[in-house]
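K.L.:
Compute the structure for the input listed below.
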Amino acid sequence: MIAPPDAELVAFAHDLADRAGVVIRPLFRQPIDVDTKSDQSPVTAADRGAEAAIRELIVDRYPEHGILGEEFGAERADADWVWHLDPIDGTKSFISGSAQFATLIALAYKGAPVIGIIDQPIQRERWVGVAGKPTLFNGNPVTTRDCAGIDQATFFSWGAECFEGERGAALWRLAEGTALRRYSADAYAYGLLALGFVDIVAENDLKPHDYLALAPVVNGAGGRITDWQGNEIRHGVGAETVAVGDPALHEQVIKLLKG
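P.N.:
This is a model prediction of the structure:
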């Protein structure tokens, strides 16, 4: 059992999300240049500016902590405490004028996520997960919902691209048996799961900055999140991630993914 981080660290994580929102909001639904990174994913001044701003706060407040960010890489990655940052998870939604994106901020201790924030800065929605504590949505506790079976589940995945290739076939085995399938919500879908509106989220090809913030949020709301083999999420474990709102579904979901 991971001990909850102290209140000062949680408050600081809020400060980071606040600062990212200050950078992102003025650039949303405005003309903005879009560059293409080496992995063919898009990036904008909003992504880079938000990450630069929160990295500056971390270095000033906790210079001994490590940082791993999507846009600017690693600093002190071997530290016990490491912040994992995705300033805009869902840049394709952001540049399309859709608010189905989120800022992800995670703090990991020796690889295990102890704080996770999913922040939607336009709608001013914030999920905060802290190890050992209930998940809060805009300051109020939230819980996942019961789901009687996969055939009654609402399923989300980050995009149709997830269904390509060998791993995509495994994902489709799960998705085709669900009642409702939706795509392109990225991390926002995990927030909806924590609120009790989504039952299953399964994805592949994720990076630590994509998945570490999700674990405290999902677990603290009463759900369960693991990799496709059933291993608990930590740094290096979660490239293929599955979350369920009702833990009773987890074994069935894992069985379908394994084939």
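K.L.:
Give me the residues contacting the helix or strand of the chain with the lowest mean pLDDT.
P.N.:
Of all the helices and strands that make up the chain, helix 165-175 has the lowest average by mean pLDDT, DSSP states H and E, namely a mean of 87. Residues from elsewhere that reach helix 165-175 (C-beta atoms under 8 Å, 6 or more residues apart in numbering): 150, 155, 157, 162-163, 181, 200, 202-205, 228, 240, 253, 256-259. From N, CA and C alone the C-beta is placed, and that goes for glycine too.
K.L.:
give me that answer again for 10 Å
P.N.:
Helix 165-175 is contacted by residues 150, 153, 155-157, 160-164, 181, 183, 200, 202-205, 228, 239-240, 242, 252-259 when judged by C-beta atoms under 10 Å, 6 or more residues apart in numbering.
K.L.:
Tell me which residues of it come out buried.
P.N.:
For helix 165-175, burial by neighbour count (16 or more other C-beta atoms under 10 Å) applies to 167-168, 170-171, 174-175.
K.L.:
For the stretch 1-150 of the chain, which segments count as helices?
P.N.:
If DSSP state H, counting those that start in this stretch is used as the criterion, the helices of the stretch 1-150 of the chain fall at 7-24, 45-61, 91-95.
K.L.:
hey, which of these is tucked in deepest?
P.N.:
helix 91-95 (a mean of 21; mean count of other C-beta atoms under 10 Å).
K.L.:
about what we covered before: for the helices of the stretch 1-150 of the chain, which one sits closest to residue 217?
P.N.:
Counting by C-beta to C-beta, residue 217 lies closest to helix 7-24 out of those; the figure is 12.0 Å.
K.L.:
now the closest one: mean pLDDT?
P.N.:
In this model, helix 7-24 carries a mean pLDDT of 98.
K.L.:
Which neighbouring elements make contact with it?
P.N.:
With contacts taken as 3 or more C-beta pairs under 10 Å, 6 or more residues apart in numbering; DSSP states H and E, helix 7-24 sits against helix 45-61, strand 81-89, strand 102-109, strand 112-120, strand 125-130.
K.L.:
quick one: stretch 55-69 to chain centroid distance?
P.N.:
Distance, stretch centre to chain centre, for stretch 55-69: 20 Å (C-alpha atoms, centre = their mean, to the nearest Å).
K.L.:
so residue 77 makes contact with residue 67?
P.N.:
Yes: applying C-beta atoms under 10 Å as the test, residue 77 and residue 67 come out as touching, 8.0 Å apart.
K.L.:
that older thread, quick one: which of the helices of the stretch 1-150 of the chain is nearest residue 143?
P.N.:
helix 7-24 (19.7 Å).
K.L.:
what angle separates the closest one from strand 102-109?
P.N.:
Helix 7-24 runs at 150 degrees relative to strand 102-109, counting by axes from the mean of the first three to the mean of the last three C-alpha atoms, to 10 degrees.
K.L.:
For helix 7-24, C-alpha coordinates in PDB please.
P.N.:
Output of helix 7-24 as PDB, limited to C-alpha atoms (Å, rounded to 0.1, in the frame of the first residue of the first chain):
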ATOM      1  CA  ALA A   7      -1.000  18.000   1.400                       C
ATOM      2  CA  GLU A   8       1.700  20.300   0.200                       C
ATOM      3  CA  LEU A   9       2.500  18.200  -2.800                       C
ATOM      4  CA  VAL A  10      -1.200  17.800  -3.700                       C
ATOM      5  CA  ALA A  11      -1.700  21.600  -3.500                       C
ATOM      6  CA  PHE A  12       1.400  22.100  -5.700                       C
ATOM      7  CA  ALA A  13      -0.100  19.700  -8.300                       C
ATOM      8  CA  HIS A  14      -3.200  21.900  -8.400                       C
ATOM      9  CA  ASP A  15      -0.900  24.900  -8.900                       C
ATOM     10  CA  LEU A  16       0.700  23.200 -11.900                       C
ATOM     11  CA  ALA A  17      -2.700  22.500 -13.500                       C
ATOM     12  CA  ASP A  18      -3.800  26.100 -12.800                       C
ATOM     13  CA  ARG A  19      -0.700  27.400 -14.500                       C
ATOM     14  CA  ALA A  20      -1.100  25.100 -17.600                       C
ATOM     15  CA  GLY A  21      -4.700  26.400 -18.000                       C
ATOM     16  CA  VAL A  22      -3.600  30.000 -18.000                       C
ATOM     17  CA  VAL A  23      -1.400  29.200 -21.000                       C
ATOM     18  CA  ILE A  24      -3.900  27.000 -22.800                       C
END
